[in-house]
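Enquirer: attaching a predicted model along with its sequence, questions to come.
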Protein chains: 2
Amino acid sequence: MAIVALYRDDTRHPQAQACAACEVRSQALFGVLDDAGLDRIHTRIASLDLAPDENVYGRGDAGQAVFTIRSGIVRFERSTEHGDRRIVRLAGRGDLIGQEALLQRPYADEAIACTPVQLCRLPRHLVDELAAATGGLPRELMHRWQSALDAAESWVADLSTGPARRRLLRLLERLTALTEPGQTVWMPRRDEIGAMLDITVETASRMISQLRRDGVLALAGARHATVDGKALALALRADAA
Amino acid sequence: MAIVALYRDDTRHPQAQACAACEVRSQALFGVLDDAGLDRIHTRIASLDLAPDENVYGRGDAGQAVFTIRSGIVRFERSTEHGDRRIVRLAGRGDLIGQEALLQRPYADEAIACTPVQLCRLPRHLVDELAAATGGLPRELMHRWQSALDAAESWVADLSTGPARRRLLRLLERLTALTEPGQTVWMPRRDEIGAMLDITVETASRMISQLRRDGVLALAGARHATVDGKALALALRADAA
DNA sequence: CGAGCCGTTGAGGGGATTCAAGCTCAGTGG
DNA sequence: CCACTGAGCTTGAATCCCCTCAACGGCTCG
């Protein structure tokens, strides 16, 4: 894990410039802050780069920071006492993760990079100070929480319901939604798909092979694929009947 | 649905007395308010009583209020386009539900009474005013959101993972946790169990019969049962192996 | 008392798992 | 350079768990 201090004092607030230029700022937590507000938060935000399968934090860790995802995909997983794990949610560009740290609670899940991931690390105290100073931040935080809740509930309804094929189709929908337009879709390892959908690696592999034959999916190198949106929608409709 | 105005002005703030005497106040949203704070919120909180299968609100409704559960169990469900529904979470005594209304978002799920339910209805504007006036309330709200998120994620990990028998055992764990000590456990209809665990009514029935034979469970009248905690824990341990 | 809802149980079939073998491919060391 | 190795992916065959279809009993209620 590489940690880089983004913001320094060597010129007049270049840090604010950096944040102002940040490509996810409008959708990120501090979108509500004006440029003056950005001045105050320099030198305390760190940028991290994680490789796939590196973890952002672990369940139970006493967290001191929340994170904004600048790029990449992060998974949240929980494992039972007996070693079997289950992925309960995904997060992507613009999402805020680890919010429970703001409440001085330990992190609720393992958060692990799926793809190469770029994060901004925001110390808890910084967010506390900003929340006290600015009116809009608590409301923005509540929006984040609600979004996470919605994602978790729809994970139950969409990805934990029905036969394996339908679950996989819905997963593909989500993965394409997490992808920048024009990019190839990130394709999880088969055992990751298993942990997302509660199926075995063999079933995951079989379903993917089937979708390839159906023209929904075309593998494109390791861990990537292209998805035919029309065929996907069609398959979902046919499948539900 | 019966709506009763709890608080009237005929004597000196009996409303505050009622809230002060409320049995869930310490765990409820306004536990952070002092008695003086309670004075301000009279006449605007309504008490509702719902019968089983009455719904608190519907998905997509433009909500104007949040609710505190004083007693009973509420389920949250989502249904796909094609009529099949899935229960994604339960809430019980002391829980706050419908929080998305505070963000002026439509309700994310159907919220439906499982048992007879007693609610307090808190208008959005009231919560807004209190949040502006008192320091602790936003933080308390964030705690509520985090609890809901945790419940939704563990619903994936516990109740949507593994074979039917294990899911049912874990559901029984939760149902006993939602029950006041000394009370009998609420037993959902078989089709509700199906919607919670993504199994059919027949499978649910078979599993329950099996657990009865195993001494984990004893039905006690319509929609109620007693659960042998030790046998349940034992069954869960044996089952995981 | 018949109708309908809810729960239970059985028989049969199907989808997912389990067990097993072979494949590709990247990394390693002879 | 290339066999060797192991991880990840795929496919097949057999088994099993759960679903589907069906019938029946208890219960409430019009």
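Expert: Perfect, thanks for sending it. Residues are numbered from 1 along each chain as shown, chains lettered A, B, ... in the order given.

Enquirer: ok, the helix or strand harbouring A:R167 near DNA strand C or not?
Expert: If you go by DSSP states H and E, A:R167 is part of helix A:164-177. Yes. Interface with DNA strand C: helix A:164-177 contributes A:164-165 (C-beta under 7 Å from any atom of the strand). (C-beta placed from N, C-alpha, C; glycine too.)

Enquirer: count of neighbours near the residue in chain A that DNA strand D sits nearest to?
Expert: Per C-beta to the nearest atom of the strand, A:S209 is where chain A lies closest to DNA strand D, at 3.0 Å. Counted with other C-beta atoms under 10 Å in any protein chain shown, the neighbours of A:S209 add up to 12.

Enquirer: what do you get for A:A220?
Expert: Counted with other C-beta under 10 Å, residues neighbouring A:A220 total 12.

Enquirer: that one touches A:W186, doesn't it?
Expert: No. Checked against C-beta atoms under 8 Å, the pair A:A220 and A:W186 is beyond contact range at 10.6 Å.

Enquirer: write out the residues of chain A neighbouring DNA strand C.
Expert: A:163-165, A:198-200, A:202-203, A:206.

Enquirer: mind putting those into JSON lines with distance to chain B?
Expert: Listed next are the residues of chain A next to DNA strand C as JSON lines, based on distance: C-beta to the nearest C-beta, whole Å:
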{"residue": "A:P163", "distance to chain B": "10"}
{"residue": "A:A164", "distance to chain B": "12"}
{"residue": "A:R165", "distance to chain B": "15"}
{"residue": "A:D198", "distance to chain B": "5"}
{"residue": "A:I199", "distance to chain B": "11"}
{"residue": "A:T200", "distance to chain B": "12"}
{"residue": "A:E202", "distance to chain B": "17"}
{"residue": "A:T203", "distance to chain B": "15"}
{"residue": "A:R206", "distance to chain B": "20"}
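
Enquirer: between the residues you listed, which sits nearest B:L149?
Expert: B:L149 lies nearest to A:D198 out of the residues of chain A next to DNA strand C, by C-beta to C-beta, at 19.9 Å.

Enquirer: how much space separates the residue nearest to the closest one when sequence neighbours are not counted from B:S154?
Expert: Nearest in space to A:D198, with sequence neighbours left out and distances taken as C-beta to C-beta, 6 or more residues apart in numbering or on different chains, is B:T161 at 5.1 Å. With distances taken as C-beta to C-beta, to the nearest Å, B:T161 is found 10 Å from B:S154.

Enquirer: so who does the residue nearest to the spatial centre of chain A touch?
Expert: Among the residues of chain A, A:A91 comes closest to the average C-alpha position under C-alpha atoms, centre = their mean, at 1.7 Å. Listed by C-beta atoms under 8 Å, 6 or more residues apart in numbering or on different chains, the contact set of A:A91 reads A:69, A:73-76, A:97, A:148, A:151.

Enquirer: partners of it in the sheet?
Expert: Beta bridges link A:A91 to A:V74, judged by DSSP bridges.

Enquirer: which strands and helices sit next to whichever helix in chain A runs longest?
Expert: The longest helix of chain A (DSSP state H) is helix A:136-159. Applying 3 or more C-beta pairs under 8 Å, 6 or more residues apart in numbering or on different chains; DSSP states H and E, one finds that helix A:136-159 contacts strand A:85-91, helix A:124-133, helix A:164-177, strand B:74-79, strand B:85-91, helix B:137-159.

Enquirer: take these and write them to a markdown table, including mean pLDDT and distance to DNA strand D.
Expert: Output for the helices and strands packed on helix A:136-159, formatted as a markdown table (pLDDT from 0 to 100; distance: least, C-beta to the nearest atom of the strand, whole Å):
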| stretch | mean pLDDT | distance to DNA strand D |
| --- | --- | --- |
| strand A:85-91 | 97 | 14 |
| helix A:124-133 | 88 | 34 |
| helix A:164-177 | 98 | 11 |
| strand B:74-79 | 97 | 16 |
| strand B:85-91 | 97 | 12 |
| helix B:137-159 | 96 | 13 |
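
Enquirer: A:L102: what secondary structure?
Expert: Here A:L102 is recorded as helix under DSSP: H, G, I helix; E, B strand; the rest coil.

Enquirer: verify the stated contact: it with A:A65.
Expert: No. Using C-beta under 8 Å, A:L102 is not in contact with A:A65, being 9.3 Å away.

Enquirer: list residues touching both of these two?
Expert: Counting by C-beta under 8 Å, 6+ apart, the residues touching both A:L102 and A:A65 are A:R124.

Enquirer: please name the nearest non-neighbouring residue to A:L126.
Expert: Going by C-beta to C-beta, 6+ apart, A:L126 has A:R44 as its nearest residue, at 5.0 Å.

Enquirer: quick one: A:S209 and A:D191, what's the gap?
Expert: For A:S209, the distance to A:D191 - C-beta to C-beta - is 16 Å.

Enquirer: just A:E202 next, same as before
Expert: Distance from A:E202 to A:D191, by C-beta to C-beta: 10 Å.

Enquirer: write out the residues of chain A neighbouring DNA strand D.
Expert: Taking C-beta under 7 Å from any atom of the strand as the criterion, chain A approaches DNA strand D at residues A:189-191, A:201-202, A:204-206, A:208-209, A:219, A:223.

Enquirer: sort out for me which of these are in helices.
Expert: A:190-191, A:201-202, A:204-206, A:208-209.

Enquirer: check those and tell me the two furthest apart.
Expert: It's A:D191 and A:S209 that sit farthest apart of these, by C-beta to C-beta, at 16.0 Å.

Enquirer: what sits against A:A157?
Expert: By C-beta under 8 Å, 6+ apart, the contact list for A:A157 reads B:78, B:80, B:86, B:88.

Enquirer: now the nearest residue to it once chain neighbours are set aside: how far from A:T200?
Expert: Computed as C-beta to C-beta, 6+ apart, the closest residue to A:A157 that is not its neighbour in sequence is B:R78, at 4.3 Å. B:R78 sits 26 Å away from A:T200, going by C-beta to C-beta.

Enquirer: neighbour count for those two, which is higher?
Expert: Neighbour totals were compared for B:R78 and A:T200, and B:R78 leads with 21 against 14 (other C-beta under 10 Å).

Enquirer: if I pick the more buried one, what's in contact with it?
Expert: Neighbours of B:R78 in contact, by C-beta under 8 Å, 6+ apart: A:153-154, A:156-157, B:59, B:85-86, B:88, B:109-110.
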